[in-house]
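Novice: Output the structure for:
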Amino acid sequence: MRRFARALTGTVADADDLVQTGVERALRHMDQYQDGTRLDSWLFRIVKNSWIDETRSRQRRGRVFAPEEEGEHIAGTGAAAIEARRELQEVEIAMQTLPEDQRLAIALICVEGLSYTEASAILDVPIGTLSSRLTRGREALMAALGGRP
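Specialist: Modelled structure (predicted):
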């Protein structure tokens, strides 16, 4: 859920807040969970809807969260770890340039590993629409990253 929330929000702090909100809502509404369905799909939908509510609320109030804290520690000290962190930041920046519909499709399919059926249910779009968004998003992401996979 945290990776999906990060794809939605673009910042670690907002993603953590969003996950917390999603878990709180899920616990409050456990009676709405249907046995036999995938719990993770249900939680992803709650998180997505929580983000929609938050962005609408921000627009109404004009509220902006503080930017991500500076000075995060880089995991590891070796050159490979530093290079991996830099590449991850490039991908994160490139992901944020994508339209939200493409970013969410990539996050659910490529990052979270959900099936097209599950992702289309979470996003409430037909599978063909999801496939189209995913293709356009992958192409745009590749272009933004200079054509490297």
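
Novice: What residues does the residue nearest to Thr21 when sequence neighbours are not counted make contact with?
Specialist: Using CB to CB, 6 or more residues apart in numbering and skipping the chain neighbours, the partner closest in space to Thr21 is Ser50 (4.8 Å). C-beta: built from backbone N, CA, C; applies to glycine. Counting by CB atoms under 8 Å, 6 or more residues apart in numbering, Ser50 touches Leu18, Thr21, Gly22, Arg25.

Novice: Narrow the residues you listed to those in helices?
Specialist: Counting by DSSP state H, the part of these found in helices is Leu18, Thr21, Gly22, Arg25.

Novice: now the residues you listed in JSON lines, with pLDDT?
Specialist: Rendered in JSON lines, the data for those read as follows (pLDDT from 0 to 100):
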{"residue": "Leu18", "pLDDT": "90"}
{"residue": "Thr21", "pLDDT": "92"}
{"residue": "Gly22", "pLDDT": "92"}
{"residue": "Arg25", "pLDDT": "92"}
